[in-house]
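K.L.:
Need coordinates for the below:
(one chain, ligands or ions: 1)
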Amino acid sequence: MEEIRGSKIIMFPLPFTGHLNPMIELAGIFHHRGFSVTILHTSFNSPDPSRHPHFTFRTIHHNKEGEEDQDPLSKREVSAMDLFALLSVLKQSYDEPFRQSLAAEVSGGETVCCLVSDAIWGTNMQAAAEEVGVPRLVLRTTGAASFYAFASLPLLRAKDYLPIQDSRLDDPVIELPPLKVKDLPTIVTKDPEELYRIVKDMMEGAKSSSGVIWNTFEDLERLELMNLSRNFQVPFFSIGPLHKHSEDLLSTKTNKEDYAVTSWLDKQDAKSVVYVSFGSVAAMKEKEFLEIAWGLRNSKQPFLWVVRHGLVPGVDLLESLPCGFMESIGNKGKIVKWANQLEVLAHPAVGMFWTHCGWNSTLESICDGVPTICTPFQTDQRVNARYIVEVWRVGIMLERSKMDKREIEQVVSSAMIDKGDGWRERCMALKERADICLGKDGSSSNNLDKLVTHVLSFDS
Ligand code: UDX
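P.N.:
Predicted coordinates:
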């Protein structure tokens, strides 16, 4: 692809897999369109540049030499931390170092046409971009429905939906159908004000930007995008699902473990396997982990289960499985520490995805027409789960509070039976809608063209 001269895009992702993956996918799309891409990334949880040779990576350090001892970000498991407290520390720690790095990039000779920052970085990014005279776009890595719910938090708070009361969990949120009170995108956090501050800053940051890029597609969230755009008054570009723009955009290195997973899947019957993964951040108690283990085993369905380091903070999970468990599942189940999820979901043997409903996982399952069992943990995942079950009707709910081994066994085994209720057909229809949006003259393709034109107009 011929490079557009003087058109460098600087990107600043949030350092979590669920945010980094879509930013890297967007970088691939821009690169494919002839832009050069520099990714400024935090030293905390930094990505592996060798996986993406097309981009320039620059590390931003948040502490000075000799100050590592007082570092609030060192040696912590992401899933063991209070997420919003962590976000707050990240925003504070990287504000000044980011400004310096951005200024250095901008004075480096090549014309920078814009900055693309994750929405959660908020208003500080706008100030930093204005200081160096570079327009800024925002990437929102979650869906529009959940963003709308986040945007509504102040109103819902004023109407006493928040803080959530146990007695009202199943009440409908009249202002946000079909959400129930328990679906509101909150989180258990030491300081609830932190959540409201970060969300407010995210909204103001998006409103002050030169446009918002969405990893969603119009046929999935048309109404929610329309409701949001009325409030935001900046251009919207819904160009998702980002990972599907071109299968060859990302250099996904396949390793020995991936081959082992594929060869295990190759031996299973079509649509027989339940793939179980709760993303890169979710954490649970050891008791829940053991209930899942027994529930999966007792369901007698073949399963592929991602048991990530940190899923139960501080516990070596494979050690904590009861003696004889692995022998008792034999070849029926496979447990791995991480999987190439895009490859797994695309495999014909996978018939079901038991997921925490992170937005990437949600889109990835939709794109492969795989129905889901939904166990949301926090924030946007609850909104995503409600939409999967009640709006798009391509999944069933298995609430975390009800997750004992009997319930799991029952839900998993009954979900795998095709009851002729149109579930699988709806999944395939939704997958086709995604394909149409991404195809020639589809909304995501057209919006991407508009985005490129918008970015090029910054130069003139
Ligand atoms: C977080 C939030 O939890 C989520 O709700 C939000 O929408 C984005 O940020 P995460 O919990 O990691 O993300 O979930 P998700 O959005 O699903 O992202 C996980 C990513 O990791 C997906 O792209 C998935 O393909 C990938 N993954 C996950 C793997 O490649 N292998 C695995 O074994 C598990």
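
K.L.:
Please name the residues that touch the residue nearest to residue 296 when sequence neighbours are not counted.
P.N.:
Distance criterion CB to CB, 6 or more residues apart in numbering; nearest residue to residue 296, sequence neighbours excluded, is residue 303 at 4.9 Å. Yep, even glycine has a C-beta here, placed from its N, CA and C like the rest. By CB atoms under 8 Å, 6 or more residues apart in numbering, residue 303 lies in contact with 273, 274, 275, 276, 296, 332, 333, 334, 412.

K.L.:
who's in contact with the nearest residue to residue 325 once chain neighbours are set aside?
P.N.:
Distances taken as CB to CB, 6+ apart put residue 293 closest to residue 325, at 6.2 Å, once the chain neighbours are dropped. Taking CB under 8 Å, 6+ apart, we find residue 293 in contact with 321, 322, 325.

K.L.:
Please report how far the last one lies from the ligand.
P.N.:
It stands for residue 325. The spacing between residue 325 and the ligand, counted by CB to the nearest ligand atom, to the nearest Å, is 20 Å.

K.L.:
Buried residues, the helix or strand bottoming out on mean pLDDT in the chain. List them.
P.N.:
Within the chain, no helix or strand scores below helix 317-320, which has a mean of 80 by mean pLDDT, DSSP states H and E. Along helix 317-320, these residues count as buried under the neighbour rule (16 or more other CB atoms under 10 Å): residue 317.

K.L.:
got a list of contacts for the helix or strand that comes right after that helix?
P.N.:
Scanning forward in sequence from helix 317-320 by DSSP states H and E, the next helix or strand is helix 325-329. Helix 325-329 is contacted from outside by 293, 296, 297, 335, using CB under 8 Å, 6+ apart.

K.L.:
Parallel or antiparallel, which strands does whichever strand or helix holds the last one pair with?
P.N.:
What that stands for is residue 335. Taking DSSP H and E as the definition, residue 335 sits inside strand 333-336. Strand pairing for strand 333-336, determined by DSSP bridges: strand 303-306 (parallel).

K.L.:
Just name whatever secondary elements the least confident helix or strand of the chain is in contact with.
P.N.:
Here helix 317-320 touches helix 286-299, going by 3 or more CB pairs under 8 Å, 6 or more residues apart in numbering; DSSP states H and E.

K.L.:
which residue sits closest to the residue of the stretch 351-460 of the chain found nearest the ligand, ignoring its sequence neighbours?
P.N.:
Nearest to the ligand, among the residues of the stretch 351-460 of the chain, is residue 358, at 2.2 Å (CB to the nearest ligand atom). Once flanking residues are discounted, residue 358 sits nearest to residue 279: 4.1 Å by CB to CB, 6+ apart.

K.L.:
what about residue 432, how many neighbours?
P.N.:
Residues near residue 432, counting by other CB atoms under 10 Å, number 12.

K.L.:
Tell me the helix or strand right after the strand or helix carrying it.
P.N.:
Using DSSP H and E, residue 432 maps to helix 423-438. Where DSSP H and E defines the elements, the next helix or strand beyond helix 423-438 is helix 443-457.

K.L.:
That following helix: how far from the chain's middle?
P.N.:
Centroid separation for helix 443-457 versus its chain: 23 Å, with CA atoms, centre = their mean, to the nearest Å.

K.L.:
contact partners of that helix?
P.N.:
Under CB under 8 Å, 6+ apart, the answer for helix 443-457 is 4, 7, 9, 29-30, 33, 35, 113-114, 137, 210-211, 213, 217-219, 235, 237-241, 245, 437-439.

K.L.:
list the buried ones in it?
P.N.:
Neighbour counts over helix 443-457 (16+ other CB under 10 Å) mark 443, 444, 445, 447, 448, 451, 452, 454, 455, 456 as buried.

K.L.:
in the stretch 201-350 of the chain, what spans have low per-residue confidence?
P.N.:
Applying pLDDT under 70 to the stretch 201-350 of the chain flags the ranges 247-253.

K.L.:
can you give me the strands in it?
P.N.:
212-214, 236-238, 273-277, 303-306, 333-336, 350-355 (DSSP state E, counting those that start in this stretch).

K.L.:
nearest to residue 184, of those strands?
P.N.:
Across the strands of the stretch 201-350 of the chain, residue 184 has its closest neighbour in strand 350-355 (19.7 Å, CB to CB).

K.L.:
Going toward the C-terminus from the closest one, what's the next helix or strand?
P.N.:
Following strand 350-355 in sequence, per DSSP H and E, is helix 359-367.

K.L.:
Show the average pLDDT along that next one.
P.N.:
The pLDDT scores in helix 359-367 average 98.

K.L.:
For that helix, name the packing helices and strands.
P.N.:
Other elements packing on helix 359-367 under the criterion 3+ CB pairs under 8 Å, 6+ apart are helix 17-32, helix 341-346, strand 350-355, helix 380-386, helix 423-438.

K.L.:
Next, the angle from the first one to helix 359-367.
P.N.:
In other words, helix 17-32. 60 degrees (axes from the mean of the first three to the mean of the last three CA atoms, to 10 degrees).

K.L.:
Could you give me the buried positions within helix 17-32?
P.N.:
Using 16+ other CB under 10 Å, the residues of helix 17-32 that count as buried are 17-31.

K.L.:
Now compare the residues you listed and name the two farthest from each other.
P.N.:
Between any two of the buried residues of helix 17-32 (CB to CB), the greatest distance is 21.4 Å, for 18 and 31.
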